[in-house]
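Trainee: just coords:
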């Protein structure tokens, strides 16, 4: 998540100085654009690989700092959570065998990560959202202990003024609130950079937005979150909501999210994009002693635009304008942030080649996107692709067309021409774009994942299904097989490793009753549904009691002899309820049941009921 050496903008003096340097950065960029000081005679590509660390039970690990120290390579850096790391690959000139060069470096660095992680009994995996992430791994103690992450978390909460709320609807629905930005750590991306000539930046930037929907549609790889089937690329909804600083209001007003596709086509120059972001988004963080860019320019030096880059790093456009300096020369580039990690390195490099080819091969008719396409269609295409993947129907050239047809018939030919124009080797063009073609005809990462998860859930528990899925992803990545060739997971060879915590096996599909509900209705429902344990809640959703089958039978027997129609659940429930937390070890939960001779345990987090486990769950767990 960017520069680690930051401060919060607390004091007026420090804030004023940072803003002064930020404004000077924009002025310096405008001067460089006017005087043609931006490097325009070369095109480079670069990328960032985010990946997950998992333990021997296929769940998130928490030892990124130790592994990073042992790797001892400046290409690697931390991420928000202790179960993530990132690789920053070297920029290379776009020509000849550059794609193979990037691929080889990525394979080499990932091998280094794997070899080092293995010494810590940890594995490395590429996936948009790790299937086995649970609420247990989204607590504060999983946040990487670096000032940047702590400060960002504090600032986002301060601006929002409330917990972060997720509400994502797909095949399933997820509603949850959280007290930190750690849900953002569920997102794992393969970020791609393309250097752009400054005089062509706005046309290229608008084109990048226009093609985002169809490209994403064939690259989705994140359909699951907390065991729920949501969007084909759930990262798009999750990232937006996980750090959304906008406060709910009773008034109807337009507010921009810091994770954004944008609302209009870009105009002017790249400097105007940065100006809009300064105008629209509050400054959250600063850095002491950022340099004065105008002074640097006057001294004949190339400014780094430190303040501008820092602020830009807290605004997460899916297509982000970036400024950088390479070999002492300033450049501007577009960062593609919507492509997920995985399913394999081969798939990622194919996605990279597809995007670069389409960007470079832009037909002249799309040089002025505002006159070709309504921006709302481009934005709608992106959301549809994120929701439905390759099954989405998009708007293109005034007509409705499927993602698969648009990608295969229109965009692949453009990509081939673009890579040829860039001087990419013929064999590399055919290999990487061939993967895209086969994926379009076969299966995407999201399709492979959802198809297998549904089968596995019918064969075993949800927790085991998610772990089996994760193991299969890991095994398929071992020889860099593209996802279109990944086989269906067989229903044998099940895991020997066991779950560890109550949160891994508890049921979250809860049937509850309110303490003020009529007892005869509650007990009748228990009888109809053959439910033996019903938690009782109050208006706040807090657990206040428990109804058991014995309660129900006793009440209904009494009800036959006397009129109890007005009795409430609170009058017959068990008030002294023994509970456990999601982080409780399963063996401890079983011991608690034995000690107190009970057959169920409500699971409570911060007084709120979040699940329930029964003796049958524990028996099923031990004999699955």
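Mentor: Arrived safely. Source: prediction; values computed, not measured.
Trainee: got the contact list for the residue nearest to the spatial centre of the chain?
Mentor: The centre of the chain sits closest to residue 187, judged by Cα atoms, centre = their mean, with a distance of 2.1 Å. If you count contacts by Cβ atoms under 8 Å, 6 or more residues apart in numbering, residue 187 has them with 128-129, 222, 235, 238-239, 242. Heads up, the C-betas are built off the backbone N, CA and C, glycines and all.
Trainee: most neighbours, which of these?
Mentor: Scoring the contacts of residue 187 on neighbours with other Cβ atoms under 10 Å, the highest-scoring entry is residue 128 at 32 neighbours.
Trainee: which phi and psi values does it adopt?
Mentor: phi -60, psi -50 (degrees, to the nearest 10).
Trainee: tell me the confidence at it?
Mentor: Predicted confidence (pLDDT) for residue 128: 98.
Trainee: so it sits against residue 230, correct?
Mentor: No. Between residue 128 and residue 230 no contact is recorded; they are 11.6 Å apart, counting by Cβ atoms under 8 Å.
Trainee: would you map out the domains in this structure?
Mentor: Taking automatic domain parsing as the domain assignment, the record places the domains of the chain at 7-207+223-344, 445-484, 502-623.
Trainee: turn those into a markdown table, columns for distance to residue 352.
Mentor: Shown next, in a markdown table, are these (distance: least, Cβ to Cβ, whole Å):
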| stretch | distance to residue 352 |
| --- | --- |
| domain 7-207+223-344 | 5 |
| domain 445-484 | 13 |
| domain 502-623 | 36 |
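Trainee: going along the chain, name the strands of the stretch 451-600 of the chain.
Mentor: 513-514, 533-537, 543-548, 600-605 (DSSP state E, counting those that start in this stretch).
Trainee: most packed of these?
Mentor: strand 533-537 (a mean of 23; mean count of other Cβ atoms under 10 Å).
Trainee: just checking: what are the partner strands of that one?
Mentor: Sheet neighbours of strand 533-537, with direction, are listed as strand 513-514 (parallel), strand 543-548 (antiparallel) (DSSP bridges).
Trainee: which one of those lies closest to residue 296?
Mentor: Taking Cβ to Cβ as the criterion, residue 296 comes closest to strand 543-548 out of the strands paired with strand 533-537, the separation being 61.0 Å.
Trainee: what comes up buried for stretch 569-578?
Mentor: 569-570, 572-573, 577 (16 or more other Cβ atoms under 10 Å).
Trainee: name the nearest of the residues you listed relative to residue 135.
Mentor: Residue 135 has its nearest neighbour among those in residue 577, at 21.2 Å by Cβ to Cβ.
Trainee: any idea which helix or strand of the protein has the worst average confidence?
Mentor: Ranked by mean pLDDT, DSSP states H and E, the helix or strand of the chain with the weakest confidence is strand 7-8, at a mean of 57.
Trainee: any idea which helix or strand comes after that one?
Mentor: helix 12-34 (DSSP states H and E).
Trainee: quick one: average pLDDT of that next one?
Mentor: 91.
Trainee: strands of the stretch 51-200 of the chain, residue ranges please.
Mentor: Counting by DSSP E, counting those that start in this stretch, the stretch 51-200 of the chain has these strands, from start to end: 76-78, 84-88, 92-93, 123-125, 164-169, 173-178, 190-196.
Trainee: which parts of the stretch 1-150 of the chain are helices?
Mentor: Counting by DSSP state H, counting those that start in this stretch, residue ranges of the helices within the stretch 1-150 of the chain are 12-34, 64-71, 98-118, 147-160.
Trainee: between those, which one is closest to residue 485.
Mentor: Sorting the helices of the stretch 1-150 of the chain by Cβ to Cβ, the top spot, which is the nearest, belongs to helix 98-118 at 17.3 Å.
Trainee: angle of the closest one against helix 64-71?
Mentor: When axes from the mean of the first three to the mean of the last three Cα atoms, to 10 degrees is applied, the directions of helix 98-118 and helix 64-71 differ by 110 degrees.
Trainee: just the buried positions in helix 98-118, please.
Mentor: Applying a neighbour-count criterion of 16+ other Cβ under 10 Å, the buried positions in helix 98-118 are 98-103, 105-106, 109-110, 112-114, 116-117.
Trainee: elements contacting that helix?
Mentor: Helix 98-118 makes packing contacts with strand 44-54, helix 64-71, strand 84-88, strand 92-93, strand 123-125, helix 345-360, helix 426-441 when contacts are defined by 3 or more Cβ pairs under 8 Å, 6 or more residues apart in numbering; DSSP states H and E.
Trainee: can you tell me which of these is most buried?
Mentor: For the helices and strands packed on helix 98-118, the highest mean count by mean count of other Cβ under 10 Å goes to helix 345-360, at a mean of 25.
Trainee: just checking, what packs against it?
Mentor: strand 44-54, helix 98-118, strand 190-196, helix 201-210, helix 212-217, helix 412-421, helix 426-441.
Trainee: angle of it against strand 44-54?
Mentor: Inter-element angle recorded for helix 345-360 and strand 44-54: 150 degrees (by the same axes, to 10 degrees).
Trainee: and the very next helix or strand once past helix 345-360, what does it pack against?
Mentor: Remark: after helix 345-360, the chain's next helix or strand is helix 375-388, criterion DSSP H and E. In terms of contacts (3+ Cβ pairs under 8 Å, 6+ apart), helix 375-388 is packed against helix 201-210, helix 212-217, helix 234-242, strand 393-396.
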